[in-house]
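Undergrad: Sequence and computational prediction follow.
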Amino acid sequence: MLPAKKTSKSRTRTRRSHHRLKSVNYSVCPKCDHAKLPHAACPNCGYVNPKITLKLGKESS
């Protein structure tokens with residue numbers, strides 16, 4: 001079935017208004033002041049929060 005009336009440009013663009021890309025939220029590295037993703041290692045200096053600890057398994061030989 002065909003649409004009864006033409007959809008205006010305004011209505012089409014209003015419908016698509018939330019299809020845009022979301023901006024990336026960067027934070028600043030406390031050591032080198034380089035932009036980095038939050039909760040991730042700095043790509044410039046490799047700094048990771050020292051409070052974070054990882055439980056690693058023992059290496060079996």
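TA: Good, I have the coordinates. Numbering: from 1, shown residues only.

Undergrad: first to last residue in stretch 20-31, what's the distance?
TA: Distance across stretch 20-31, first residue to last, is 33 Å (C-alpha to C-alpha, to the nearest Å).

Undergrad: And it, how far out from the chain middle?
TA: Distance, stretch centre to chain centre, for stretch 20-31: 7 Å (C-alpha atoms, centre = their mean, to the nearest Å).

Undergrad: check contacts around residue 30.
TA: By C-beta atoms under 8 Å, 6 or more residues apart in numbering, residue 30 lies in contact with residue 47. Yep, even glycine has a C-beta here, placed from its N, CA and C like the rest.

Undergrad: Residues in contact with stretch 45-52: which ones?
TA: The contact list for stretch 45-52 (C-beta under 8 Å, 6+ apart) reads 29, 30, 31, 32, 34, 41, 42.

Undergrad: From one end of that stretch to the other, what's the distance?
TA: For stretch 45-52, the first and last residues are 17 Å from each other (C-alpha to C-alpha).

Undergrad: which residues does the residue nearest the centre of the chain contact?
TA: By C-alpha atoms, centre = their mean, the chain has its centre lying nearest to residue 24, at 4.6 Å. By C-beta under 8 Å, 6+ apart, residue 24 lies in contact with residue 37.

Undergrad: Please enumerate the helices of the protein.
TA: For the chain, helices defined by DSSP state H occupy the ranges 9-15.

Undergrad: what's the average pLDDT for stretch 11-24?
TA: Mean per-residue pLDDT for stretch 11-24: 94.

Undergrad: and it, how far from the chain's centre?
TA: Counting by C-alpha atoms, centre = their mean, stretch 11-24 comes out at 17 Å from the chain centroid.

Undergrad: And for stretch 1-21?
TA: Computed by C-alpha atoms, centre = their mean, the chain-centroid distance of stretch 1-21 equals 28 Å.
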